[in-house]
Every structure is written in C-alpha cells, then in structure tokens.
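1. Here's a sequence, model it:
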Amino acid sequence: MADRIENTAREVVLPLVEEALRVGKRRVETGRVRVSVSTDIEEQVVRETLRSERAEFERVPIDRELAVGEPAPAMRQEPDGTVVVPVVEEILVVEKRLVLREEIRMRLVAVDEAVEQPVTVRKQRASVERLPPPAAGDGLDPAR
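-> Model prediction:
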C-alpha cells in the first residue's frame, strides 16, 4: 500500500480562508433640537407699610423774668420724649434781665402710610422642539 501512496502522491494546495473583523464607528445624526427662550413681563402691585416721622412744634408762652443771677434754663427732655428748648431774650431796661418768653416743645410722631406701587417682574421660559434628522444626501458630513 505504501507503493500506492507514492504513486498517487502529488502536491495538493488547499487554500485556507480566514475572516478578519474590523470594528469602527461613525457619528450618525438622529435628530436635532431647537431651544427658544421667551421673556414674559408681568405687572404686580407691591404693598408695604412705610414709617416716617414728622416733628410737631408747640409754642408755650412763659413771659417770666429770670431773677438776678439765675442761670438761663437748659434744653431738656421730658419723660414722654418731648424735647423742650427754652427761648430767652435780653431786654433793655436800666438793668439787663433775662426774660423767659416761651418754650418750644417738640415731639416726634410716627406715621404709618400704606403704599401701593406697580412693579415690572420678568420671567423667562425655555421651550425645546425636537427636529427630525436631516435627509440622506443633504450634504452634511456623517462623520461629524
């Protein structure tokens, strides 16, 4: 049988095939979005109570002559918060004497006042709109 193998032996070439796998990726646009921002203007009325102070003056006539050597009265504050400012004047007589003509009584009075004023308030809103992908062959580079 060895004779037979030698007689029939010839060289046979068998091609071997192998598949090669190449992996890559490309960017594909699947859609687009459009974002719009709008600003709404809304008028609102603001209410607040404001506090202010005003001075009230009361003139109280005294017309009392000060005794010789008596010092002029000093400014003072009364327990209710009133500030008393003495007003003195010199009058010409044979001798000079201080005469207390009047006192000015000053008191601070708090006043509450309700105030309304229109105010402009702005608010922004964003809307998002999904757009379809561009049609094939529109000239866009798919590798982007």
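2. Report the central residue of this structure.
-> Against the mean C-alpha coordinate of the chain, by C-alpha atoms, centre = their mean, the closest residue is Val121 at 11.4 Å.
3. who touches it in this structure?
-> 41-44 (C-beta atoms under 8 Å, 6 or more residues apart in numbering). Heads up, the C-betas are built off the backbone N, CA and C, glycines and all.
4. let's see it at 10 Å
-> The contact partners of Val121, by C-beta atoms under 10 Å, 6 or more residues apart in numbering, come to 40-44, 46.
5. can you put these in JSON lines and add neighbour count, secondary structure and distance to Val83?
-> Below are the contacts of Val121 laid out as JSON lines (neighbours: other C-beta atoms under 10 Å; DSSP: H, G, I helix; E, B strand; the rest coil; distance: C-beta to C-beta, whole Å):
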{"residue": "Asp40", "neighbour count": "9", "secondary structure": "strand", "distance to Val83": "53"}
{"residue": "Ile41", "neighbour count": "8", "secondary structure": "strand", "distance to Val83": "50"}
{"residue": "Glu42", "neighbour count": "9", "secondary structure": "strand", "distance to Val83": "48"}
{"residue": "Glu43", "neighbour count": "8", "secondary structure": "strand", "distance to Val83": "45"}
{"residue": "Gln44", "neighbour count": "9", "secondary structure": "strand", "distance to Val83": "42"}
{"residue": "Val46", "neighbour count": "10", "secondary structure": "strand", "distance to Val83": "36"}
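6. Identify the farthest-apart pair in these.
-> When those are compared pair by pair using C-beta to C-beta, the farthest-apart members prove to be Asp40 and Val46, with a separation of 18.0 Å.
7. so Pro15, which of the three states?
-> Per DSSP: H, G, I helix; E, B strand; the rest coil, the secondary structure class of Pro15 is coil.
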